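> Test case, fold it:
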Amino acid sequence: MATDADLERLAINTVRGLAMDAPHLANSGHQGTAMALAPLAHVLFTRVMRYDASTPDWPDRDRFVLSIGHASILLYSMLHLCGFGLELDDLRQFRQWDSLTPGHPEVHHTRGVEVTTGPLGQGFANGVGLALAERISRGAFGADLVDHTTWVICGDGDLSEGISHEAASLAGHLKLGNLVCVYDDNHVTIDGPTELALTDDPVQRFEAYGWHVTDVGEIADDLDGLETALRAAQADTAAPSMIVLRSHIAHPSPGLTDSPKAHGLAFTEDEIAATKQVMGLDPTATFAVPGDVLEFYRSAGVRGAKARTDWQERLDALEPTARGTWDAAQSTTGTTGWQAKLPTFPVGDSIATRNASNKVLDSVADLLPGLVAGAADLTGNTGVNIAGSTVQEPATPSGTQVHYGIREHAMGAIANGMALHGGTVPVVGTFFVFSDYMRPAVRLAALSGAKVIYSWTHDSIGVGEDGPTHQPIEHLASLRAMPGLRLIRPADANETAAAWRIAIESAGPTALILTRQNVEVLEGTGAFDDVARGAYTLSTPSDGRRPDVVLIGTGSEVSLCCDAARTLTADGLAVGVVSMPSWDLFEAQPAEYRDRILLQDVPTLAVEAGVSFGWDRWADDVVAIDHFGASAPAPILFEQFGFSPDNIAERARTLVDARRTDKPKPT
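Sure thing, here's the model as predicted:
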């Protein structure tokens, strides 16, 4: 009769078999790392982590992040075996069309996957965000409802990428004691041994960051040793923990252990058979899962059911007000009536949209229980400082004002982790030009549907004297090209308030593109339904005529269009003005609405202080800037680069004349 040790050994070898079989069948994937880490995953899922596979979205579950997402077959094998809903046929469809087992783990696609990992370092930083969200939620609702651990497996690639340094530094500063990372120190990269490019000391590095570090050495196959190390790290809540584990890629393969080839698809049928024979498995069987192994894992998968039901009883016992706050936080929206607190701004006032955004936050923050705001050293500049909020630091773990420091990339990925944790709505700010430093994380937010709100300010040449290094020119166009990112550039303070309502009430990420300079509050802006449609008619000819030309503006350029329209009207032209705060929201409208706003038989002139790329979809001509800016006061730059009412009016006249005489449209 098999002993428990025999059964666990068979279970781990079963995982290793699956780790070879699925990539081999797909002729694509990564086998060796999953094989080496099978004992670690086994210990986490059967001995240490608290979860209930029957209810994988239980809010107080432990979170698991496989930052080395290329080893996805390891996670998929555990999700199948522990009963998350993946079947053996799903493993057979590894990396195939329409399967639940894509090449890298994707949240919301496969049950049990917490974050989308793949680009190295992102999952590590997501783990910091998950741990930070847990701490803030625990501070708000108490340990009876929120008390869990975030577990991360990372590798040499993760720790080589710069984002890991940013995220690790912040985690150490904040002393996120509910975060445990295991570093798979296997000394292997695609090009060869890690020593080709990596010789620093991870122990000393993470100790310098303020982490508790344990170098456990050669215990990758020692189940009791692994459990002891994991539990000790979990118990040390004074700081985040890093366990440095020396593993051997592709172990116990006779021919590929410790080989860089094993990072990818290296196993032939003969090598798979030889390795299975070493492990005591049938070398001719594929995707074999013995019944007692499946029973063992399925039992582990529901071990947390009692903890979950006890937690549910505590949640149900909350008094109504507290329960309403909890539900609002979990649904990432506001408590009842929060929209009524949105401010309105008098027509004629002059206020930068970044400052208007700050006033909106101050007005509604108390009714948005999950709101967590912060910036990359630009808190006041980007309008994300919330009046009366408490700074997030070890002494105030419930603080919702986060100082990320000058760490834009990590800030973006940490925000993704916070959003995907649930219960928090992260708002992160920096200058629009520095969205470049955030872009990989923003892309993953869009891919993941993570509800992150970006406050990107200093949105144009209006930055002024800081010069072209700080003036975003191509950024609007490049970020409009990103699927799944809602981008709103409001014309004034009232459109900004409406944009905030859209961001809070919508799923997925929203980017608010906001001005440094003051802009006039215009007549007729800010109706929620108008802004939510992405574009709307702001003004029409006062005499009721059909327009001779329609001027389309975004952001601060809408007021310039209004000024130009007055000049053209004085010249006898009939002019319409359209505010278009969001291309993607407008594109989602029915064709009938789009045609009503942008009249098909009327020439259109767009005005935007960015590159012209893409505007040919909406306009016949565009006043744009297809070159980098310059260092000078903002009003001078706008005048010199053609963003003046007179130049806009002249370009509109030329467009109308060309249409009337059937001349080619201006270029």
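
> got a list of contacts for stretch 300-308?
Under the contact criterion CB atoms under 8 Å, 6 or more residues apart in numbering, stretch 300-308 has outside partners 45-46, 50-55, 58, 60-61, 81-84. All C-beta atoms are positioned from the backbone trio N, CA, C, and that covers glycine.

> Show me which positions of that stretch end up buried.
300-304, 308 (16 or more other CB atoms under 10 Å).

> just stretch 266-277 next, same as before
So for stretch 266-277, counting by 16+ other CB under 10 Å, buried means 266-267, 271-276.

> okay, those in JSON lines with pLDDT next?
Putting the buried residues of stretch 266-277 into JSON lines (pLDDT from 0 to 100) gives the following:
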{"residue": "Ala266", "pLDDT": "91"}
{"residue": "Phe267", "pLDDT": "95"}
{"residue": "Glu271", "pLDDT": "97"}
{"residue": "Ile272", "pLDDT": "97"}
{"residue": "Ala273", "pLDDT": "98"}
{"residue": "Ala274", "pLDDT": "98"}
{"residue": "Thr275", "pLDDT": "98"}
{"residue": "Lys276", "pLDDT": "98"}
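
> Identify those among the residues you listed that sit within helices.
271-276 (DSSP state H).

> got a list of what Gly17 touches?
276, 279, 281, 286-288.

> What of Arg63?
114, 127, 130, 134, 148-151, 421.

> out of these, which are buried?
Here, 16+ other CB under 10 Å leaves 114, 127, 130, 134, 148-151, 421 buried among those.

> Using TSV, please lay out those residues together with secondary structure.
Listed next are these as TSV, based on DSSP: H, G, I helix; E, B strand; the rest coil:
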residue	secondary structure
Glu114	coil
Gly127	helix
Leu130	helix
Glu134	helix
His148	coil
Thr149	coil
Thr150	strand
Trp151	strand
His421	helix
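
> Show me which of the ones in helices among the buried residues of stretch 266-277 is closest to Ala652.
Ile272 (70.0 Å; CB to CB).

> In space, what's closest to the closest one - neighbours in sequence excluded?
Computed as CB to CB, 6 or more residues apart in numbering, the closest residue to Ile272 that is not its neighbour in sequence is Met20, at 4.8 Å.

> Next, the buried residues of stretch 101-117.
Quick answer for stretch 101-117 (16+ other CB under 10 Å): 101-107, 110, 112-117.

> Please apply the same query to stretch 149-159.
Result for stretch 149-159 [16+ other CB under 10 Å]: buried residues 149-159.

> among the residues you listed, which are in strands?
150-155 (DSSP state E).

> Pop the domain breakdown of the protein in here.
For the chain, automatic domain parsing gives the domain ranges 4-307, 338-520, 533-660.

> Which one of those domains lies nearest to Trp326?
Among those, domain 4-307 comes nearest to Trp326, with 6.2 Å by CB to CB.

> next one: that closest one to chain centre, how far?
Taking CA atoms, centre = their mean, to the nearest Å, the mean C-alpha location of domain 4-307 is offset from the chain mean by 21 Å.

> From one end of that domain to the other, what's the distance?
End-to-end distance for domain 4-307, by CA to CA, to the nearest Å: 24 Å.

> what does stretch 595-608 give?
End-to-end for stretch 595-608, by CA to CA: 21 Å.

> Just the mean pLDDT for that stretch, thanks.
Here stretch 595-608 scores 96 as its mean pLDDT.

> What are the contacting residues of that stretch?
Residues outside stretch 595-608 that contact it (CB under 8 Å, 6+ apart) are 476, 535-537, 546-555, 557, 560-561, 564, 576, 578, 580, 586, 615, 618-624, 643, 648, 651-652, 655-656, 658-659, 665.

> So among the residues you listed, which ones count as buried?
Among the contacts of stretch 595-608, those classed as buried by 16+ other CB under 10 Å are 476, 535-537, 547-555, 557, 560-561, 564, 576, 578, 580, 586, 615, 618-624, 643, 648, 651-652, 655-656, 658-659.

> if you look at the residues you listed, which of them are in helices?
Members of these lying in helices (criterion: DSSP H): 476, 557, 560-561, 564, 586, 648, 651-652, 655-656, 658-659.

> quick one on the thing from earlier: reformat the buried residues of stretch 149-159 into a markdown table and put pLDDT and distance to Val427 next to each item.
Output for the buried residues of stretch 149-159, formatted as a markdown table (pLDDT from 0 to 100; distance: CB to CB, whole Å):
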| residue | pLDDT | distance to Val427 |
| --- | --- | --- |
| Thr149 | 98 | 26 |
| Thr150 | 98 | 21 |
| Trp151 | 99 | 27 |
| Val152 | 98 | 24 |
| Ile153 | 98 | 29 |
| Cys154 | 98 | 27 |
| Gly155 | 97 | 31 |
| Asp156 | 95 | 33 |
| Gly157 | 95 | 30 |
| Asp158 | 97 | 26 |
| Leu159 | 96 | 29 |
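
> Could you export those to JSON lines, including columns for distance to Leu7?
Formatted as JSON lines, the buried residues of stretch 149-159 follow (distance: CB to CB, whole Å):
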{"residue": "Thr149", "distance to Leu7": "26"}
{"residue": "Thr150", "distance to Leu7": "29"}
{"residue": "Trp151", "distance to Leu7": "23"}
{"residue": "Val152", "distance to Leu7": "28"}
{"residue": "Ile153", "distance to Leu7": "24"}
{"residue": "Cys154", "distance to Leu7": "29"}
{"residue": "Gly155", "distance to Leu7": "29"}
{"residue": "Asp156", "distance to Leu7": "32"}
{"residue": "Gly157", "distance to Leu7": "34"}
{"residue": "Asp158", "distance to Leu7": "32"}
{"residue": "Leu159", "distance to Leu7": "34"}
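
> Return the closest of these with respect to Ile12.
Minimum distance to Ile12 across the buried residues of stretch 149-159 is 15.5 Å, recorded for Ile153 (CB to CB).

> State the distance from the closest one to Trp97.
28 Å (CB to CB, to the nearest Å).

> With Phe613 instead?
33 Å.

> can you check Pro202 too?
Following CB to CB, the distance that separates Pro202 from Trp97 is 39 Å.

> quick one: which of those two has more around it?
Using other CB atoms under 10 Å as the criterion, Pro202 and Trp97 rank with Pro202 on top: 16 against 6.

> I'd like the distance between that one and Ala413.
Taking CB to CB, one finds Pro202 at 20 Å from Ala413.

> again, but for Arg138
In terms of CB to CB, Arg138 sits 21 Å off from Ala413.

> who's more crowded, the two?
Ala413 (32 against 20).

> Would you confirm that that one belongs to a strand?
No - read with three-state DSSP, Ala413 is helix and lies in no strand.

> what about Gly139, helix or strand, and which?
Using DSSP states H and E, Gly139 sits within helix 122-141.

> What of Leu637?
Assessed by DSSP H and E, Leu637 sits inside helix 634-640.

> May I see the buried residues of that helix?
In helix 634-640, counting by 16+ other CB under 10 Å, buried: 634, 637-638.

> before we move on, what about stretch 594-609?
Going by neighbour count (16+ other CB under 10 Å), the buried part of stretch 594-609 is 594, 597-599, 602-609.

> Of all pairs in the residues you listed, which one is the farthest apart?
Farthest pair in these, by CB to CB: Leu599 and Ala609, 24.6 Å.
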